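S.K.: Predicted model and sequence follow; I will ask about them next.
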Amino acid sequence: MRPLLKYGVPAAAGLATGGYALSQGEDPGSAVLAGLAGGAGAYGGLLGGRMAGKYAPEIAQTLQEKAVIPLGNIMGDIARKIPKESKVRSRMAGGIADVLAAAEGAAVTPRGQQLVAGMTAGIGVPAAAGLAGLGGIAAGAIPGAMGIPGFNQNVITDPELIGSSNTQMARTYTPTLKYIS
């Protein structure tokens with residue numbers, strides 16, 4: 001794999017997922033974890049696309065056996081029920097033959113393998129990066145629940161919090177009816 005793709009795409013996806021998490025109001029620690037996980041997910045999506053291209057002939061053969069041929073048989077049965085003089089029947093039979101021929105040779109050629117790999121990577125990279133980024137945000141909730149700095153939002157850390165008169169309730173004025181004369 002080219003170094004620009006191998007390192008650039010995951011880096012861009014990591015920056016995008018981390019930046020998006022930060023723009024949605026996540027704390028900085030969770031945004032960093034979302035970026036790291038998004039980059040790892042994008043790298044996994046690239047590897048998935050590469051594997052799909054490598055195994056494209058086997059995938060195409062299985063797809064042809066399990067889906068294309070049975071679908072062609074169903075369409076052929078439908079075409080046989082149409083009268084022989086009909087123009088629709090001839091168009092339908094020709095279209096079915098064209099589709100079957102295209103599906104048969106599509107993923108077996110090197111160009112077809114590249115197409116399968118590109119389509120898989122084009123769909124898999126953003127999906128994997130987004131889902132992994134979501135997992136990074138969820139992982140950031142664990143240190144946030146423990147109170148680790150950087151994973152909390154808008155929390156005032158007061159060194160005298162326990163037993164101090166500097167707490168939030170002591171600093172705010174609470175009106176009561178007791179002092180009204």
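M.R.: That came through fine.
S.K.: helices or strands up against the strand or helix carrying Ala79?
M.R.: Of the helices and strands defined by DSSP states H and E, Ala79 is found in helix 69-81. Counting contacts by 3 or more CB pairs under 8 Å, 6 or more residues apart in numbering; DSSP states H and E, helix 69-81 is packed against helix 87-106. Just so you know, the C-beta spots here come from the backbone N, C-alpha and C atoms, and that holds for glycine as well.
S.K.: Check which element follows the helix it packs on along the chain.
M.R.: Using DSSP H and E, the helix or strand that follows helix 87-106 in sequence is helix 110-146.
S.K.: and the angle from that next one to helix 87-106?
M.R.: If you take axes from the mean of the first three to the mean of the last three CA atoms, to 10 degrees, helix 110-146 sits at 70 degrees to helix 87-106.
S.K.: Helix 110-146 packs against which elements?
M.R.: helix 9-23, helix 28-54, helix 56-63, helix 87-106.
S.K.: can you rerun that using 7 Å?
M.R.: Secondary-structure packing of helix 110-146 (3 or more CB pairs under 7 Å, 6 or more residues apart in numbering; DSSP states H and E): helix 9-23, helix 28-54, helix 56-63.
S.K.: Run the chain-centre distance for that helix.
M.R.: Taking CA atoms, centre = their mean, to the nearest Å, one finds the center of helix 110-146 at 4 Å from the center of the full chain.
S.K.: Could you pull up the mean pLDDT of it?
M.R.: The pLDDT scores in helix 110-146 average 86.
S.K.: now stretch 91-107
M.R.: For stretch 91-107, the per-residue pLDDT averages 69.
S.K.: same question, stretch 49-69
M.R.: 79.
S.K.: what comes up buried for it?
M.R.: 49-50, 52-53, 56, 59-60, 64, 68 (16 or more other CB atoms under 10 Å).
S.K.: Look up how far Gly49 lies from the residue nearest the centre of the chain.
M.R.: By CA atoms, centre = their mean, the chain has its centre lying nearest to Ala127, at 1.6 Å. Separation of Ala127 from Gly49 (CB to CB, to the nearest Å) stands at 11 Å.
S.K.: And Leu22, by the same measure?
M.R.: 28 Å.
S.K.: Could you do Lys84 as well?
M.R.: Taking CB to CB, one finds Lys84 at 46 Å from Gly49.
S.K.: ok, Thr17 - contacts?
M.R.: Applying CB atoms under 7 Å, 6 or more residues apart in numbering, we find Thr17 in contact with 34-35, 38, 129-130, 133.
S.K.: Same check on Gly18?
M.R.: Per CB under 7 Å, 6+ apart, neighbours of Gly18: 31-32, 34-35, 38.
S.K.: Need the nearest residue in space to it, chain neighbours excluded.
M.R.: Counting by CB to CB, 6 or more residues apart in numbering, Gly35 is the residue found nearest to Gly18 once chain neighbours are left out, at 2.4 Å.
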